[in-house]
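Asks: fold the following, please.
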Amino acid sequence: MSATPPRIAVLGSFMQACCWSVDRLPRPGETLRARGFVAEAAGKGLAVAVGCHRLGARVDLLMAIGNDAPADSLLSWLHGEGLDTRRILRCGQPSGHGAGFIGADGDNQIVVHPGANEALGPDQIAAAEEDIASAALLYAQLEVPLDTVRAALARARAHGVLAVLNPSPWQALPDDVLACTDVLVVNAGEAQALLECALPAGRDQRLRAIASALPALWRRWPGNWLVVTLGDQGSAAWSRDGAHHVAAPIPTRIVKTIGAGDAFSAGLCRALAGGRSMAAALETAGACAAWSIAHPGILASLPDRDGLRAMLRTGA
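Replies: All right, here's what the predicted structure looks like:
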């Protein structure tokens, strides 16, 4: 990675996560006794911002939080982490909240309420234009309003900043949002919706199905890279010019799977912002995801540079 820390702008989201550990996920109408409970700060954009920061990037976090106790705790934690909070908007409504059930096998079910995340609007993006223009990369996700995502991606495009979008939670992407996106990062379920094709279970079959569906996507989307995470099957990336990279998973113990996708995105963004190739970025991203699932917590499980190096050695 580059010696000079790259600057990354992150369109953030904050969810106060409440997670219950259960032997198995509940069926509809069923009540289960939990083995454990934890409440902690989470959120797709927040986790990616923290992950990029720990990996040595200079991060500008654009985010909205409530005027409540979870928001107070988050700000105190971010200050301790050394992450810049000047672009965080405080508003009167409650902070975002999420509830998750985590099974003994690592599977999970999650429900979220956006709360204050809906207050992050195009005005805040306009106020941060100088930060976006100075960034090497902008990362966006869909836990904030689509109009806000649209505004951020458009400003990144106007300033020649690499724009990375994780369309999660999934919703159909308008053409003008796609037009301003350089890199799409999706999981297997989101890939099926994006490509409008079913993905079989096997990795090789999945890769062939995605490759077959790509021409239709390239006709609609002028972007450069589609990155697909495949859980315990690793990840892959396809470019408009025909390049294709596959990264094998790094074997590790599984403590939990919540947050692995955000850890992957943080590693990917840090590597791309630092000028690494897509093949190298996939390797970095996969190592970050593997470290995350092997450690407890959401933000706590995001690796720093020492953790990333240790996991890369494990996968060597």
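Asks: helix/strand/coil for F101?
Replies: Assigned by DSSP: H, G, I helix; E, B strand; the rest coil, the conformation of F101 is strand.
Asks: so who does it touch?
Replies: Residues near F101 by C-beta atoms under 8 Å, 6 or more residues apart in numbering: C19, W20, V22, L25, P26, N108, Q109, I110. C-beta here means a position set from N, CA and C on the backbone, and glycine is covered the same way.
Asks: hmm, try it at 10 Å
Replies: 19-22, 24-26, 32, 34, 107-111 (C-beta atoms under 10 Å, 6 or more residues apart in numbering).
Asks: return the member of those residues nearest to A287.
Replies: In terms of C-beta to C-beta, no member of those lies closer to A287 than N108, at 21.6 Å.
Asks: I'd like to know how far the closest one sits from P26.
Replies: 12 Å (C-beta to C-beta, to the nearest Å).
Asks: now swap in L308 and tell me
Replies: From L308 to P26 the distance is 35 Å (C-beta to C-beta).
Asks: for I254, same thing?
Replies: The gap separating I254 from P26 is 20 Å, by C-beta to C-beta.
Asks: kindly report the same for R305.
Replies: For R305, the distance to P26 - C-beta to C-beta - is 39 Å.
Asks: check A281 too.
Replies: 37 Å.
Asks: neighbour-wise, which of these two wins?
Replies: A281 (26 against 14; other C-beta atoms under 10 Å).
Asks: check which helix or strand covers the more buried one.
Replies: Assigned by DSSP states H and E, A281 falls within helix 278-293.
Asks: which strands and helices lie in contact with that helix?
Replies: The helices and strands touching helix 278-293, judged by 3 or more C-beta pairs under 10 Å, 6 or more residues apart in numbering; DSSP states H and E, are helix 44-54, strand 183-187, strand 225-229, strand 235-239, strand 244-247, helix 260-273, helix 305-315.
Asks: once you drop chain neighbours, what's closest to the residue most central in space within the chain?
Replies: Centroid-nearest residue in the chain: D262, 3.5 Å away (criterion: C-alpha atoms, centre = their mean). With C-beta to C-beta, 6 or more residues apart in numbering as the criterion, D262 has its nearest non-adjacent residue at 3.7 Å, and that residue is A47.
Asks: the one you found contacts V59, correct?
Replies: No. Taking contacts as C-beta atoms under 10 Å, A47 lies outside contact range of V59: 11.8 Å.
Asks: what touches both of these two?
Replies: Residues touching both A47 and V59 (C-beta under 10 Å, 6+ apart) are V10, G12, A266.
Asks: so who does the residue nearest to D262 touch?
Replies: Going by C-beta under 10 Å, 6+ apart, A47 touches 10, 12-15, 41, 141, 258-259, 261-263, 265-266, 292, 298-299, 301-302.
Asks: okay, now the unreliable bits of the protein?
Replies: Per-residue confidence for the chain (pLDDT under 70) gives these ranges: 1-2, 315-316.
Asks: in the lengthiest helix in it, what counts as buried?
Replies: Longest helix in the chain by number of residues (criterion: DSSP state H): helix 203-220. Within helix 203-220, the residues that count as buried by 16 or more other C-beta atoms under 10 Å are R203, R206, L207, A209, I210, A213, L214, L217.
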